[in-house]
Every structure is written in structure tokens, then in C-alpha cells.
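1. quick one, structure for this:
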Amino acid sequence: MWIAELWRYPVKSIAGELLQVADVRETGIVGDRVVQVVSAAGRTVTSRTKPKLLGYHATLGADGEPLVDGKPWREIDVRDAAGSDAWLVRYDGVERFDILLLLVATDGAIAAFGYDRRRLRPNIVIGGVDGLDERLWEGKTLRAGEVIIVIKYLRERCIMTTFDPDTLGQDVEVLRKIRRKFGGLLALNCSVVKAGKLTVGDVIEVSS
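-> Have a look, this model is predicted:
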């Protein structure tokens, strides 16, 4: 098995960037979800309720600050997509993650899913996996070079999977299929035990 893709989402609920190399730490991939959309009440606004946010694209600049559609995040007005009282804030505490700080998907499960893998918003896509073998990995460990990742449990999927990442059109059948075929669970919630760098093409192993 190998690392087929690496993804980072510098702004939470906004489309992310495909990487060749990722700096993985105990607090997640460096630069992942370090900016969030918040409301006047201080609540995080996500694309679950404001799917137009998925129409923006975020990358990480050379200075470590996110860019949204190529512009510094502080210059971006998201009110058209997220509501009249919404704005962007920077926060890099671990609480910025909804669940755990890494989501790992596999090519076998993505093929069984049958839709664009971007709907799952993975951080790591593992290639060379037979069918739904990922469903047997809960509690096991992933090792790639110096990086050690613990697989906690399968991710319960939400309404975000129903939005096309390019057109933003919604197809609720996508989530119905996940519930019908996969029991609502697809891809793996993980945490990092040992930090290091991951590169696309790195060999990755699963162990007990």
C-alpha cells in the first residue's frame, strides 16, 4: 500500500489543496483548518448548512497564512455564502476539528462509494487497498516512514457528501447510499502518535 493523495483544508468547510508533501504533527497536518467561518454569536459556520462555502478554494501561502481564491484570508468576505453576520477567524487549537484531526480514506472504499473522493474530504488517501478492507482497521496502526497514526473508528458521514465539489449541486441519494451500503460509515478517524513528513508515494503499512 502507498500514500496516493494528501489533502489540506486551510479554511474549514472550504475546498482544500492537494499536496505532494505534508508535515504531520500530533495536532494534525500543519495548516489544516487553521481558519474558520464564525457567526456573530461565535458559532462555527460550516458547509453542512452553508454549502456555498465549498465554492471557495483555500491554499496555504509561503508565510503559513491561508489564501482564499489566491487572496489573503483577511481580505475575504464570505457573507454571501455564509450569512450576513459571518466572517473568518484564525484559530489553530485542536478544538478546530469536528472529530479527530486526521481523516484517512482508501482507494478500495472510494471505488465502492462510486463518487468523487473529494466529497469525503480526506486528509490521506491510501492506494492499493482491497475493497472495504479499511472497515477491518479500527484500533490498528498506520506506519509510513517515521509517521505513526492510530486508527480510532469509522467516520459517520453527513450532508456535506451530497454536494458536488465542482458544481455545488446537491444529490441526497449520495448520503442515502452511504447509509444503505455502508451503514452511514465511510473512511477512518485517526490521531497522530509520532510526527513527521508524509510524501505521496510513501509505502504505508497497517499493523495491530
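2. counting neighbours, what do you get for Asp80?
-> Counted by other Cβ atoms under 10 Å, the residues lying close to Asp80 total 10. No exception for glycine: its C-beta is placed from N, CA and C like everyone else's.
3. can you give me the buried ones in stretch 71-90?
-> Neighbour-count burial for stretch 71-90 flags 73, 76, 78, 81-82, 86-88 (criterion: 16 or more other Cβ atoms under 10 Å).
4. can I get stretch 47-65 in CSV, CA atoms only?
-> Backbone C-alpha positions of stretch 47-65 (Å, rounded to 0.1, in the frame of the first residue of the first chain) are rendered in CSV as follows:
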residue,chain,number,x,y,z
SER,A,47,-20.9,23.9,4.7
ARG,A,48,-23.4,21.5,6.3
THR,A,49,-25.8,24.4,6.5
LYS,A,50,-24.0,26.8,4.1
PRO,A,51,-22.8,24.7,1.1
LYS,A,52,-21.8,27.7,-0.9
LEU,A,53,-18.7,27.8,1.2
LEU,A,54,-17.5,24.8,-0.8
GLY,A,55,-17.2,27.1,-3.8
TYR,A,56,-14.2,28.9,-2.4
HIS,A,57,-10.7,27.3,-2.6
ALA,A,58,-8.1,27.6,0.1
THR,A,59,-4.3,27.1,0.0
LEU,A,60,-1.5,27.8,2.4
GLY,A,61,0.8,30.7,1.5
ALA,A,62,4.6,30.6,1.8
ASP,A,63,4.2,32.6,5.1
GLY,A,64,2.0,29.9,6.6
GLU,A,65,-1.2,32.0,6.3
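5. which helix is the longest one in this protein?
-> Under DSSP state H, the helix in the chain containing the largest number of residues is helix 173-182.
6. how far away is the residue of the chain positioned farthest from its centre from Val30?
-> Residue farthest from the centre of the chain, counting by Cα atoms, centre = their mean, is Ser84 at 26.2 Å. Shown here: Ser84 relative to Val30, a distance of 33 Å by Cβ to Cβ, to the nearest Å.
7. ok, Glu156 next?
-> Distance from Glu156 to Val30, by Cβ to Cβ: 26 Å.
8. cool, Leu142 as well?
-> 18 Å.
9. do the same with Ala105
-> Taking Cβ to Cβ, one finds Ala105 at 20 Å from Val30.
10. which member of the buried residues of stretch 71-90 is positioned nearest Ile204?
-> Trp73 (31.8 Å; Cβ to Cβ).
11. backbone dihedrals for the closest one, please?
-> phi -60, psi -30 (degrees, to the nearest 10).
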